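Asks: Just need the structure, nothing else, for what follows:
(one chain, ligands or ions: 1)
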Amino acid sequence: MPSSSGPAIENLYSEQRTFPPPADFAERATIGDPAVYDEAEQDVEAWWASHAGALRWTKPWDTICQWDPPFARWFDGGQLNVSDNCVDRHIDDGHGSQVAYYWEGEPGDTREITYHQLRDEVCRFANALKDLGVAKGDRVNIYLPMIPELPVAMLACARIGAIHSVVFAGFSSQSLVDRIEDADAHVLITADGAYRKGNVVPLKESADRAMSSTDKVTTCVVVRRTGDDVEMTEGRDHFYDDVVDGQSAECPPEPMDAEDVLYILYTSGTTGKPKGIVHTTGGYLTQVAATHRLVFDLKPDTDVYWCAADIGWVTGHSYIVYGPLANRATSIMYEGAPDHPGKDRFWEIVDRYKATILYTAPTAIRAFMKWGAELPAKHDLSSLRLLGTVGEPINPEAWMWYHEHIGGGTAPVVDTWWQTETGAIMITPLPGVTASKPGSAMTAFPGIRAVVVDEQGEAVAPGGGGYLTLQRPWPAMLRTIWGDEERYRDTYWSRFGPDIYFAGDGAKLDDDGHVWLLGRVDDVMNISGHRISTTEVESALVDHPKVAEAAVTGRADEMTGQAIAAFVTLRSGEDPSDELAAQLREHVAERIGKIARPANVLFTEDLPKTRSGKIMRRLLKDIAEGRELGDVTTLANADIVDEIKTRSDSAKAEEQ
Ligand code: WTA
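Replies: Got it, this is the predicted structure:
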């Protein structure tokens, strides 16, 4: 946390390019008129109620929002069922034969699942869960790869009122144990194995290790994905096919109170045990459906929508499962890695299913940049009409590359800011309205009040920087941290007061008042008394034609307080050299000012990343400051850390 008397974040990077929606896009967009922002402001509750009203309620709500900071209740008194809204409602409206998911496995196998088939599967599995003793309010752990049984399991839980806790299949057995114990879950749904980059990941083995270190799990359901032999413990383990076989395809949806818990999803805090973020039923579904429909301009009859995230993260919960299904979307769901068997797998998929909307992360986009524009150019991507990004600040050059090479220079790009805690998109362009600037998430979604404040909590003026806060409750907001109300208050509602949500992200407003996210506040550097965001320096580095990806961190420096250490991955075919390092330092100095010139540049083949693709800057900081490194086993690519450390240490030795 920066000291309380420091200056505001320096506003260094100034973006001049804007991309208004193409005329034909704006004309056909669900929202093509900026008046929607004022309408929502005039009566925020009516705005959200209008979206809630599009869902099927079995009992109407009494109140729209009750706000007893920091606790909100939305649509209290109302009842609905999420699986009924995501599946049955569309069948009742005559759309049962519409495809819900075009699923593609990594080895190339495919499945097409209509809404009708989805309902049958969900009901059968819901009945099986009931037979296995799962009751309303019970927690069910789901540890599955990206196979159709994953959304089926989530919806089956929702149908009977069980609370799911999905654990990303790339997590270790220890992470699974922590989450099982914290949620006190007695049922675990997993698979024999998962395909990843052509290999089989033995998921059941990992689940077995977890179950041997906790005695919580009494029932384990195993989906057969790879068909490999797995150990089955008598009385505890059951194959999915066996428990579903013979079950009725009818299972009446349990009426749920709007504020009943739908799911828990754990986010790894930088310190301490993971936080179980709690989401409830009515408000959550309202906001994920509204944002999915309006931010992606979804036309359910014609669009083929692809969110290329993993359902193990919140992006997949909200924008592969609940939002799209609530809106009767036809989605693509892909099991595997973007570079298997070739580095053009995504573009093959876009072309095969004629995807019209693609939603992915900046880290993926930078990988595509690194692999080269000739790969997407080999495929027909002309079906794409809208692109989205989420997960971290997108460097303007990556935005431009995405726009040009994937979006054909015409598809609008929506840079969407939100968090596991917010449940749904909060800051984003509206594609038929907003003239976007590459790198900016632009504007709060209608009805959302996002305010950038200084140390004292005062709103900053355009041109200023500080901390992102949310100053009004929103329907999909987290309700608490599972089992830890105090941590909920401390983490989010104490920095600026009990009714101001502290997002933990740095942000600035440009001169037009548009929002630029600057990364987590602990990523802010202080160079000679100037606070400089890692994101801005990284964007300046990635702006150089030879650079594919960059991470910077502040390391302690006697002269300047902190100095900037840069870690750079070059594009294919480019070679590292001292000359190039010098050029890059100059490039940053030119692009955003001498104050931001990195003290040193270290070239590396890859950057240490979490399994969700976020660059681990803290680790880079430890390397840059020559500290011993802690546990790196949660990284997606732990090996690279040793390599970077060795290079960094030898570079330092040379300096001396
Ligand atoms: C970051 C992912 C800049 C931010 C949905 C946030 C972003 C954290 C953006 C939440 C964006 C997400 N621009 N930063 N468009 N989207 N972030 O919980 O730091 O996995 O606090 O949720 O990702 O990550 P989470």
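Asks: which stretches of the protein have low pLDDT?
Replies: Scanning the chain with the threshold set as pLDDT under 70 gives 1-13, 268-272, 522, 529, 531, 630-634, 654-656.
Asks: Identify the residue nearest the spatially most central residue of it in space, chain neighbours excluded?
Replies: Central residue of the chain (Cα atoms, centre = their mean): Thr315, 3.8 Å from the mean position. In this structure, Thr315 finds its nearest non-sequential neighbour in Ala309, 3.9 Å apart by Cβ to Cβ, 6 or more residues apart in numbering. (C-beta placed from N, C-alpha, C; glycine too.)
Asks: Does that neighbour touch His317 like I think?
Replies: No: shown here, Ala309 and His317 do not form a contact pair, counting by Cβ atoms under 8 Å, at 9.2 Å.
Asks: These two: which is more packed in?
Replies: Shown here are Ala309 and His317; by other Cβ atoms under 10 Å, His317 has more neighbours (26 against 23).
Asks: isn't Lys645 right up against Leu629?
Replies: Yes: between Lys645 and Leu629 there is a contact under Cβ under 8 Å: 6.8 Å.
Asks: out of the two, which sits in the busier spot?
Replies: Neighbour count, other Cβ under 10 Å: between Lys645 and Leu629, Lys645 has more, with 20 against 12.
Asks: Sticking with the more buried one, tell me its helix or strand.
Replies: helix 639-655 (DSSP states H and E).
Asks: Please apply the same query to Asp242.
Replies: Following DSSP H and E, one finds Asp242 within helix 240-244.
Asks: Quick one: the strands in the stretch 1-150 of the chain, in order.
Replies: 63-68, 71-76, 79-80, 99-104, 110-114, 139-143 (DSSP state E, counting those that start in this stretch).
Asks: tell me the angle of the fifth one relative to strand 99-104?
Replies: Meaning strand 110-114. For strand 110-114 against strand 99-104, the angle by axes from the mean of the first three to the mean of the last three Cα atoms, to 10 degrees is 170 degrees.
Asks: who in this structure is up against the ligand?
Replies: With Cβ under 6 Å from any ligand atom as the criterion, the chain comes near the ligand at residues 267, 313-315, 390-393, 415-420, 441, 503-505, 517, 519-520, 612.
Asks: picking up where we left off before, what packs against the helix holding Asp242?
Replies: Judged by 3 or more Cβ pairs under 8 Å, 6 or more residues apart in numbering; DSSP states H and E, the packing partners of helix 240-244 are helix 115-131, strand 219-223.
Asks: With mean neighbour count added, can I get these in TSV?
Replies: Shown next, in TSV, are the helices and strands packed on helix 240-244 (neighbours: other Cβ atoms under 10 Å):
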stretch	mean neighbour count
helix 115-131	22
strand 219-223	22
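Asks: backbone phi and psi for Glu374, please?
Replies: phi -70, psi -20 (degrees, to the nearest 10).
Asks: What is the burial count for it?
Replies: For Glu374, using other Cβ under 10 Å, the count is 9.
Asks: Next: Lys546.
Replies: Lys546 is flanked by 16 other residues according to other Cβ under 10 Å.
Asks: What of the one 3 residues further on?
Replies: As a burial measure, Glu549 scores 25 neighbours (other Cβ under 10 Å).
Asks: Which other helices and strands does the host helix or strand of Gly504 contact?
Replies: Applying DSSP H and E as the criterion places Gly504 in strand 501-509. Applying 3+ Cβ pairs under 8 Å, 6+ apart, one finds that strand 501-509 makes contact with strand 450-453, strand 465-470, helix 485-492, strand 515-520.
Asks: Take those and lay them out in JSON lines including mean neighbour count.
Replies: Below are the helices and strands packed on strand 501-509 laid out as JSON lines (neighbours: other Cβ under 10 Å):
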{"stretch": "strand 450-453", "mean neighbour count": "22"}
{"stretch": "strand 465-470", "mean neighbour count": "24"}
{"stretch": "helix 485-492", "mean neighbour count": "16"}
{"stretch": "strand 515-520", "mean neighbour count": "23"}
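Asks: What residue in the stretch 451-600 of the chain comes nearest to the ligand?
Replies: Proximity to the ligand, evaluated over the stretch 451-600 of the chain using Cβ to the nearest ligand atom, is greatest for Leu517 at 3.4 Å.
Asks: and that residue, what are its bridge partners?
Replies: Per DSSP bridges, residues listed as beta-bridge partners of Leu517: Ala507.
Asks: for it, what are its contacts?
Replies: Contacts of Leu517 were listed using Cβ atoms under 8 Å, 6 or more residues apart in numbering, and they are Pro393, Trp417, Ile427, Ala441, Leu468, Asp505, Gly506, Ala507, Thr535.
Asks: Just the CA trace of stretch 72-87, in PDB.
Replies: Output of stretch 72-87 as PDB, limited to C-alpha atoms (Å, rounded to 0.1, in the frame of the first residue of the first chain):
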ATOM      1  CA  ALA A  72     -26.700  -5.700  -0.100                       C
ATOM      2  CA  ARG A  73     -29.800  -7.700  -0.800                       C
ATOM      3  CA  TRP A  74     -31.200  -7.600  -4.400                       C
ATOM      4  CA  PHE A  75     -34.700  -8.600  -5.400                       C
ATOM      5  CA  ASP A  76     -35.500  -9.800  -1.900                       C
ATOM      6  CA  GLY A  77     -38.600 -11.900  -1.500                       C
ATOM      7  CA  GLY A  78     -38.400 -13.000  -5.200                       C
ATOM      8  CA  GLN A  79     -37.900 -16.600  -6.200                       C
ATOM      9  CA  LEU A  80     -36.400 -18.100  -9.300                       C
ATOM     10  CA  ASN A  81     -34.200 -21.000 -10.400                       C
ATOM     11  CA  VAL A  82     -31.100 -20.300 -12.400                       C
ATOM     12  CA  SER A  83     -31.100 -23.600 -14.400                       C
ATOM     13  CA  ASP A  84     -34.800 -23.000 -15.200                       C
ATOM     14  CA  ASN A  85     -33.900 -19.600 -16.600                       C
ATOM     15  CA  CYS A  86     -30.800 -20.900 -18.400                       C
ATOM     16  CA  VAL A  87     -32.400 -23.900 -20.000                       C
END
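Asks: And it, how far out from the chain middle?
Replies: Distance, stretch centre to chain centre, for stretch 72-87: 23 Å (Cα atoms, centre = their mean, to the nearest Å).
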